[in-house]
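J.: I would like the atomic coordinates for the input below:
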Amino acid sequence: MHVQLSKNNQVMSEKIKMLQIIHLAICAGTIIAYYILGDLSIENLHIPVIDSSSVIYVLIPVFAFVLSGFLFRFQLKQINPKLKLEEKFPIYYTASIMRWAVLEGAVFLILVLKPDFILFGILILIYMIFLRPTAERIDNDLSNTNN
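T.: Down below sits the predicted model:
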């Protein structure tokens, strides 16, 4: 199974572009929120002192990373490998949005609950940016989960 964006698959190309637009909107909105609400300065971009009362805020990004990946893979495993790509894409679409929503939620939790840990939120945001959907990534994700 290989995602070829030929003339026959123009519809898939448009679906991928729509998913890319959603991803861009989520990332851009989060970046804008961090710019407006976060006190972004070089002084604030440091690893804060982690004590027993703040360890939970370190676990938020770890939990979000693990949960988002788990939910994403769980959704993809529900796909029947015999389906055509066009039939698999809606599940991939849903799985991707769920993944980004968990990561975005963690980014906002850190921003609202513990702004001192803003660096961890930025790291999650960078990871989320790298999750940009491409035809190659979709092909890879769909072929890896159905083996």
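
J.: which elements pack onto whichever strand or helix holds residue 21?
T.: When secondary structure is defined by DSSP states H and E, residue 21 falls within helix 10-37. Packed against helix 10-37 by the contact rule (3 or more CB pairs under 8 Å, 6 or more residues apart in numbering; DSSP states H and E) you find helix 85-113, helix 118-130, helix 135-145. Yep, even glycine has a C-beta here, placed from its N, CA and C like the rest.

J.: can you list the buried residues in that helix?
T.: Using 16 or more other CB atoms under 10 Å as the test for burial, helix 10-37 gives 12, 15-16, 19, 23, 26-27, 30-31, 33-34.

J.: what of stretch 137-147?
T.: The neighbour-count check on stretch 137-147 (16+ other CB under 10 Å) flags 137-138, 141-142, 145 as buried.

J.: pLDDT weak spots in this protein?
T.: Along the chain, the parts satisfying pLDDT under 70 run over 1-9, 39-49, 145-147.

J.: give me the most central residue, it.
T.: Note on the chain: the residue nearest the mean C-alpha position is residue 100, at 3.3 Å, using CA atoms, centre = their mean.

J.: the nearest residue to it once chain neighbours are set aside: what's it in contact with?
T.: Counting by CB to CB, 6 or more residues apart in numbering, residue 100 lies nearest to residue 26, which is 5.2 Å off, once chain neighbours are set aside. Residues near residue 26 by CB atoms under 8 Å, 6 or more residues apart in numbering: 100-101, 104, 128.

J.: could you dump these into CSV and include distance to residue 53?
T.: Converted to CSV, the contacts of residue 26 look like this (distance: CB to CB, whole Å):
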residue, distance to residue 53
100, 30
101, 28
104, 25
128, 27
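
J.: can you state the direction angle for the helix holding residue 21 and helix 118-130?
T.: Here the directions of helix 10-37 and helix 118-130 differ by 170 degrees (axes from the mean of the first three to the mean of the last three CA atoms, to 10 degrees).
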